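Novice: Just the structure for this:
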Amino acid sequence: MKPFRRRRRGRVQATFESAEAHLLANLSAQVVELLRDRSGESESSADPLATQLGMGGPALPPDDPVLRRLLPDAYRDDADDAAEFRRFTEQSLVSSKVANAEVLIETLRAGGLDDGPIADSDDGTEVEVELDPAQVQAWLRALTDVRLALAVRLGIETDEDLERLEQSDDDAVIAFGDVYDWLGFVQESLVVALD
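Specialist: Numbers count the residues shown, from 1 in each chain. As a prediction, the model looks like this:
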């Protein structure tokens, strides 16, 4: 990856190898799929006005730990208030997260990412993205969601957990830890380009 750099009119640009762009798109698509598959129990007696406004959603927190991290309770000490808040806000939060991930994927496609199989990493194919300020915000949020999802799956909560991953004997765990670190680099590069 060639890190993000500032362009004119508040835009930023970066260049990814084809395999890196596929990885970003794939991970973002997995988060989208997970969010769209969210199937919590709905309120049994939905408020008719809330239903008309598209605000009626699940009142119970998700079972999946990744979804619990992406869609946390607003009130940890009050289950009733948390359920009520979730019922009226979760659908819009999911829609926002899905939209952010879709912006990331679409800007990669606009930059040259094809939907075919991952090309040979040595073929020199690059994907160049140029983001406007709104797309930058979508990328930052989508990268955060992907990193949170990976952190949950890898059991990362502290710096010590990261050290544990580095010392693992499992090659897959080490590889996903490297992906987690790389995503942090991508995100940091984007933030630095905004300064």
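Novice: quick one: the helices in the protein?
Specialist: 18-36, 48-52, 65-70, 79-110, 133-154, 159-166, 171-194 (DSSP state H).
Novice: mean pLDDT lowest for which of those helices?
Specialist: Least confidently modelled of the helices of the chain is helix 48-52, at a mean of 59 by mean pLDDT.
Novice: closest to residue 3 out of the helices of the chain?
Specialist: Closest of the helices of the chain to residue 3 is helix 171-194, at 3.9 Å (criterion: CB to CB). Where C-beta positions appear, they are placed from N, C-alpha and C, glycine not excepted.
Novice: Now do that closest one: which elements does it pack against?
Specialist: Here helix 171-194 touches strand 2-6, strand 12-17, helix 18-36, helix 133-154, helix 159-166, going by 3 or more CB pairs under 8 Å, 6 or more residues apart in numbering; DSSP states H and E.
Novice: Now tabulate those in TSV and tack on distance to residue 185.
Specialist: Output for the helices and strands packed on helix 171-194, formatted as TSV (distance: least, CB to CB, whole Å):
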stretch	distance to residue 185
strand 2-6	8
strand 12-17	11
helix 18-36	11
helix 133-154	10
helix 159-166	14
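Novice: For the ones you listed, could you give me JSON lines that also reports mean neighbour count and distance to residue 88?
Specialist: JSON lines is the format used below for those (neighbours: other CB atoms under 10 Å; distance: least, CB to CB, whole Å):
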{"stretch": "strand 2-6", "mean neighbour count": "15", "distance to residue 88": "36"}
{"stretch": "strand 12-17", "mean neighbour count": "20", "distance to residue 88": "35"}
{"stretch": "helix 18-36", "mean neighbour count": "19", "distance to residue 88": "17"}
{"stretch": "helix 133-154", "mean neighbour count": "19", "distance to residue 88": "21"}
{"stretch": "helix 159-166", "mean neighbour count": "12", "distance to residue 88": "34"}
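Novice: before we move on, the earlier item: identify whichever of the helices of the chain lies nearest to residue 11.
Specialist: helix 133-154 (7.7 Å).
Novice: these two touch, right, residue 24 and residue 186?
Specialist: Yes. Using CB atoms under 8 Å, residue 24 is in contact with residue 186, at 7.5 Å.
Novice: Find me the pLDDT at residue 46, would you?
Specialist: 55.
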